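Participant: Next comes the sequence, and after it the predicted model I'd like to discuss.
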Amino acid sequence: MRPVLQIKFLFLIFTIANGQNKIHKSSLKSIEYSVTTEINYAGNMNMAQTLDVYIPKNRKHNKLPVIVNIHGESILWGNGDKMWGGDTPFLSYLQSGSFACIKINYRLSSESKWPAQLFDCKAAIRWIKGNAERFGFDKNKIAVQGVLAGGHLALMLGLTRNQNKLEGDVGNYLSEDSKISCVVSGFSPSNLEELGGEEVESLLGGEIDSFTKKANEASPINWISKENELPIYLYQGNAEKKVPMDQTDLFYNLTKETKFKNIYYQKIINGSKRNLQRDSKINKLINSRIEDFYKKYLLRKDLDIEVSDLSVKSALIGGERR
């Protein structure tokens, strides 16, 4: 067990402890929540297969719906950690007392090749269901969100929930399923063969031409069917260089052709992951709409999910679009 660290992040003061439960207080409307960190969902000692659990102190129900965040950073499937970004994205959910939140790690492409990343995410979902009574989770109401690689894995989790061959055998809760309720995905790859590049090849284990079958298996567009339908909220911008907007356009158009009923697509002019972070007003607006999405599909609130034309600032970063 590592020492307890005291970390100050903007207005939030919180404690990180390995496998320990602590109560944290924020000066933002007295948000209080407990965090249990570095739980290994695979039944081993690999830090790449760990998760953190956030529970609001003012929980509204004995069983809380769960929002799971999968990280995605500058190198697709190749870097990042669940701790990057801190707790800020979860604060409004924790403040409401209506949701439990979980952040997960997964094996990066430098350690393991596809489909290890999906197997890890599914093992994490099975762990959540296997520990529902311990933490007070509603195992039948689980949402998964992510951006870039995290958004890709969120889509794959949702769309392959009926595919036994993509379950894997990671972890100790193999009797549980990995089905989830809904997905939020931003700036995410949907067609890996078309996207190509070194990062895709690193994920697959070699050049695309030699791994076409694997690339197709890892592409969310190839799992769109009425059998796999679930509510999905997409957001993407035309300034994102890592994953071009046509990846999300293609995915959305195919879901509409397949007659998905609950699919939402927020397009952002000048939008990229970085630009969205720099425009607090638009970022807050999109987060509010995502929260409405969760209220609708996890809390069964009768809400309309708004999607409208949005434009962010800071279209140029260092002279380039990002």
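Facilitator: Right, received. Where do you want to start? Numbering: from 1, shown residues only.
Participant: buried ones in the helix or strand containing Ile290?
Facilitator: Using DSSP states H and E, Ile290 maps to helix 280-298. Going by neighbour count (16 or more other C-beta atoms under 10 Å), the buried part of helix 280-298 is 282, 286-287, 289-298. All C-beta atoms are positioned from the backbone trio N, CA, C, and that covers glycine.
Participant: before we move on, what about stretch 54-73?
Facilitator: 54-56, 59, 63-73.
Participant: Between those residues, which sits nearest Gly271?
Facilitator: Gly72 (15.4 Å; C-beta to C-beta).
Participant: Quickly note the distance from that closest one to Asn105.
Facilitator: From Gly72 across to Asn105, the span is 12 Å (C-beta to C-beta, to the nearest Å).
Participant: same deal with Lys284?
Facilitator: For Lys284 relative to Asn105 (C-beta to C-beta), the value is 27 Å.
Participant: do the same with Ser190
Facilitator: Applying C-beta to C-beta to Ser190 and Asn105 gives a distance of 23 Å.
Participant: Then Val243?
Facilitator: When C-beta to C-beta is the yardstick, Val243 and Asn105 sit 21 Å from each other.
Participant: related to what we said a few turns ago, more neighbours, Ser190 and Asn105?
Facilitator: Ser190 (28 against 24; other C-beta atoms under 10 Å).
Participant: tell me the SS of that one?
Facilitator: coil (DSSP: H, G, I helix; E, B strand; the rest coil).
Participant: Let me know whether it touches Asp249 as I believe.
Facilitator: No: Ser190 lies out of contact with Asp249 (C-beta atoms under 8 Å); the separation is 9.1 Å.
Participant: ok, longest strand in this structure?
Facilitator: strand 137-147 (DSSP state E).
Participant: Counting by contacts, list what it packs against.
Facilitator: strand 64-70, helix 116-130, helix 149-159, strand 182-186, helix 280-298 (3 or more C-beta pairs under 8 Å, 6 or more residues apart in numbering; DSSP states H and E).
Participant: Mean pLDDT for the ones you listed - can I get that in a markdown table?
Facilitator: Shown next, in a markdown table, are the helices and strands packed on strand 137-147 (pLDDT from 0 to 100):
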| stretch | mean pLDDT |
| --- | --- |
| strand 64-70 | 98 |
| helix 116-130 | 98 |
| helix 149-159 | 98 |
| strand 182-186 | 98 |
| helix 280-298 | 95 |
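Participant: average model confidence for stretch 189-201?
Facilitator: Mean per-residue pLDDT for stretch 189-201: 98.
Participant: could I have it exported to PDB, CA atoms only?
Facilitator: What follows is stretch 189-201, C-alpha atoms only, in PDB (Å, rounded to 0.1, in the frame of the first residue of the first chain):
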ATOM      1  CA  PRO A 189     -12.700   6.100 -34.100                       C
ATOM      2  CA  SER A 190     -15.300   4.000 -35.700                       C
ATOM      3  CA  ASN A 191     -13.600   2.500 -38.800                       C
ATOM      4  CA  LEU A 192     -10.000   1.400 -38.000                       C
ATOM      5  CA  GLU A 193      -9.200   0.200 -41.500                       C
ATOM      6  CA  GLU A 194     -10.100   3.600 -42.900                       C
ATOM      7  CA  LEU A 195      -8.400   5.500 -40.000                       C
ATOM      8  CA  GLY A 196      -5.100   3.600 -40.300                       C
ATOM      9  CA  GLY A 197      -1.800   5.000 -39.100                       C
ATOM     10  CA  GLU A 198       0.800   3.900 -36.600                       C
ATOM     11  CA  GLU A 199      -1.500   4.000 -33.600                       C
ATOM     12  CA  VAL A 200      -4.000   1.700 -35.200                       C
ATOM     13  CA  GLU A 201      -1.200  -0.700 -36.300                       C
END
